[in-house]
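Asks: How does the following fold in three dimensions:
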Amino acid sequence: MAGMLNIGLTGLNAAQMQLNTASHNIANAATPGYSRQTVVQSTNDPLFTGVGFFGQGTRIDTVKRQYSEYLQNNVLSADNRRAEYAVYDAQISQINNLLADATAGLSPALQNFFAGVQEVAANPNSVPARQSLLSAGQSFVARFQAMDTRLSEIRAGVESQIASSVESINGLANQIAELNQRIVIAQAAGPNVPANDLLDQRDAVVTELNKLVKTSTVIESNGQMSVFVGSGQALVLGQNVNRLGVVSTPDDVERSGVAMIAPNGVAITLPENLLTGGELGGLLAFRRETLDSTRDQMNRIARQFAEVFNDQHRKGVTLEGALGSDFFRLDMVTAESGDPALAPAVSIANDNLLTNDRYRVTYDSAAAGGYVLTRISDGAAVAPADVGLEIEVPAGAVNGSTYLVVPLRHAARNISVALVEPRDVAVGNPVSVSAPLSNGGTGKVDGISIASVDALATSYPHFASFGMRFDAASNALVLDAGPFAIEPSPASFNPATDSSGKTFTITRGGEPVFTFEFSGTPADAARFEFKPTELGVADNRNAVALGALQTSKTMLVDGAGNDTATFQSAYSQIVAQAGSKGREVRAGMQVQETLLRQATDARDSLSGVNLDEEAANLLRYQQAYQAAGRIMSIAQRLFDEIVSIGR
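Replies: Below you'll find the model as predicted:
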């Protein structure tokens, strides 16, 4: 009877463990990261007798979770990319909303500004029209400043989120280390006694960590997990944690980097391209690929627009007949991240050569000019003239001192209207031409375009008048004796073939001063007088030239040195690039969401709790429990019968 009773007891215990496990599964059906647990059951060693082996019931070997590392890694991979795309999409949508806004974008402000230029061209002597242009200019620069402020706010938000993500990563790393310790203690009985619930908790923490940054894990023989980020930097080694930190980058004082903090406190900055995936990877990629590019291009448009407009404005004359000055004001380039007292003097020599690159100036008395200029993007040493810069090292420079130079930094933020008085708008052309009524023929000078205001005269615009005549014998234009010359020389003009118009250049000392177009059929000795434009004349020629800048290609110099885009098209490229990247990110996010659902479904088909299945198991285990109890009851009755016989 004892054997039967013992067999029934083992069955009763086994059924009870099965019921407990099924109940535990049901209770945790909605617990995130929970893996379904099953009882591993086997038979006890049989008892040998002379007639064979007789069973001794059952035993519980272990309780294991239904888990596949392969399926879990698929989920982690898809979720990591989804999190990266999701945070990228959330950030880039802010830029797309800013750039493409019909009222807040740059396009309407640019159109309003040139509408003001056209109004002045139509009414060159109108002071109200000039004042309206200044007001349009104020609105235009205010739009630049507002957009730069918004981009700065987005950048500040990204920097804050990077710091928050790093803090969260450190917190999750500490949790993994603590769970490692608890798992080692819980599994001290041996590898066949897994701490299922603790393992699920650790996997759930790894899942959260994986949403922040791409991770790889290694399970050690004692059950501890080591976690690595980047290109293999150890974040968690067993129960030890290497903390991440946010540090300032030496190449950009406004930019934070992520560093691994060594046990001795030394911060080792990790390259951005190694920290991929997850929210942190998405934030770093957005800042690197879209935010920095958008700000740099906006700064470049602001500076080049101001320089091109100023250059043409300086070639005109004001209502008072004075030399045109800068219409827009831009701050000088400054050197950063060094001793301000010994910072190099940096100026822009050629705007057409400017790029969005950043440079490092390193003082070296043995080098030409006392410094070495290095382009940060590729580490190449460059000559200042080749990148459009002029650099001067101050006295007292210390060898080895370094300074960061960002030529286009804050151009959009600091652009402003330099003019205050509407009469100072340079609308007229400084050079006028007249012809005496005695001229014969139909010869005409038109299209005067100033090339150099400095070469015209030291007292510009009040230069000394000079004349030009047509010599029919040589079919050429001839200047009066004086400091000016005409090119090409001889200035051939054949009325029979050139009457539709031919362009000539007036030079001084070999330097171009202005160009003009000569057309018609002039009579022999027909004269033309070049003289300063008189005060009060309704001259709109420079205003027309300013207005023509709206549709002129003055931006985005190609490899051959040719401008390839107008202001509007250059801005449209920024909008198009951000929009295209936004669509790419949105599509990538949708793909990853689909892959995540598929990977999650595959994992849950193994590890997830099916309530219907567990309910059926409860009935099955209940019946097993009742049957085992029935065995014990029968054994008890048989024992009672034997006892009663003995009485």
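Asks: Any idea which helix or strand in this structure has the lowest mean pLDDT?
Replies: In the chain, no helix or strand scores lower on mean pLDDT, DSSP states H and E than strand 555-557, which sits at a mean of 75.
Asks: strand partners of that strand, parallel vs antiparallel please.
Replies: Strand 555-557 has the following sheet partners, assigned by DSSP bridges: strand 563-565 (antiparallel).
Asks: After the strand it pairs with, heading C-terminal, what element do we hit next?
Replies: helix 567-607 (DSSP states H and E).
Asks: What helices and strands are in contact with that next one?
Replies: Counting contacts by 3 or more Cβ pairs under 8 Å, 6 or more residues apart in numbering; DSSP states H and E, helix 567-607 packs against helix 69-99, helix 106-122, helix 292-313, strand 555-557. C-betas here are computed from N, CA, C, even on glycine.
Asks: Show me what secondary structure element comes after it.
Replies: Downstream of helix 567-607, the next assigned helix or strand under DSSP H and E is helix 611-646.
Asks: Could you check how far that next one is from the centre of its chain?
Replies: 70 Å (Cα atoms, centre = their mean, to the nearest Å).
Asks: in it, what counts as buried?
Replies: Neighbour-count burial for helix 611-646, with 16 or more other Cβ atoms under 10 Å as criterion, is recorded at 614, 617, 618, 621, 624, 625, 628, 631, 632, 635.
Asks: I'd like these as TSV, with pLDDT appended.
Replies: As requested, those are exported to TSV (pLDDT from 0 to 100):
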residue	pLDDT
614	89
617	90
618	91
621	90
624	88
625	88
628	84
631	84
632	84
635	80
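Asks: Could you count how many residues lie near residue 264?
Replies: Neighbourhood size, residue 264 [other Cβ atoms under 10 Å]: 5.
Asks: how about the strands in the stretch 301-450 of the chain?
Replies: For the stretch 301-450 of the chain, the strands defined by DSSP state E, counting those that start in this stretch occupy 328-329, 335-336, 345-348, 359-363, 371-375, 389-392, 402-405, 416-417, 431-434, 444-450.
Asks: mean confidence score for the third one?
Replies: Spelled out, it's strand 345-348. Computed over strand 345-348, the mean pLDDT rounds to 87.
Asks: C-alpha coordinates for it, CSV please?
Replies: Provided in CSV are the C-alpha atoms of strand 345-348 (Å, rounded to 0.1, in the frame of the first residue of the first chain):
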residue,chain,number,x,y,z
ALA,A,345,41.2,88.0,-36.6
VAL,A,346,39.1,86.3,-39.2
SER,A,347,37.4,87.9,-42.2
ILE,A,348,35.7,86.7,-45.3
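Asks: Tell me which other helices or strands it touches.
Replies: strand 389-392.
Asks: Can you give the contact residues for the strand it packs on?
Replies: For strand 389-392, the external contacting residues (Cβ atoms under 8 Å, 6 or more residues apart in numbering) are 333, 344-349, 359, 361, 369, 371, 373, 384, 405, 407.
Asks: which one of these sits closest to residue 296?
Replies: residue 407 (10.2 Å; Cβ to Cβ).
Asks: State the distance from that closest one to residue 345.
Replies: 13 Å (Cβ to Cβ, to the nearest Å).
Asks: Could you break this protein into its assigned domains?
Replies: Following automatic domain parsing, the chain resolves into domains at 2-66+609-646, 72-299+568-598, 430-532.
Asks: Quick check: the gap between residue 576 and residue 589.
Replies: Applying Cβ to Cβ to residue 576 and residue 589 gives a distance of 20 Å.
Asks: Between the two, which is the more surrounded one?
Replies: Counted by other Cβ under 10 Å, residue 576 and residue 589 do not tie: residue 589 has more neighbours, with 21 against 13.
Asks: what about the strands in the stretch 451-600 of the chain?
Replies: 466-471, 476-479, 484-487, 491-492, 502-508, 511-519, 527-532, 555-557, 563-565.
Asks: so residue 240 sits right up against residue 177, yeah?
Replies: Yes - contact criterion Cβ atoms under 8 Å: residue 240 and residue 177 qualify, at 6.7 Å.
Asks: Which of the two has more residues huddled nearby?
Replies: Using other Cβ under 10 Å, the more surrounded residue of residue 240 and residue 177 is residue 177, with 19 against 13.
Asks: correct me, but the more buried one touches residue 242?
Replies: No - applying Cβ under 8 Å as the test, residue 177 and residue 242 come out as separate, 10.3 Å apart.
Asks: List the contacts of the least confident helix or strand of the chain.
Replies: Against strand 555-557 from outside (Cβ under 8 Å, 6+ apart): 301, 304, 352, 353, 563, 564, 565, 566, 567, 569, 570, 573.
Asks: Quick one: those as a markdown table, columns for distance to residue 69 too.
Replies: As requested, the contacts of strand 555-557 are arranged in a markdown table below (distance: Cβ to Cβ, whole Å):
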| residue | distance to residue 69 |
| --- | --- |
| 301 | 52 |
| 304 | 56 |
| 352 | 58 |
| 353 | 55 |
| 563 | 58 |
| 564 | 54 |
| 565 | 53 |
| 566 | 57 |
| 567 | 57 |
| 569 | 53 |
| 570 | 52 |
| 573 | 47 |
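Asks: who wins for proximity to residue 312 among the domains of the chain?
Replies: Of those, nearest to residue 312 by Cβ to Cβ is domain 430-532, at 8.7 Å.
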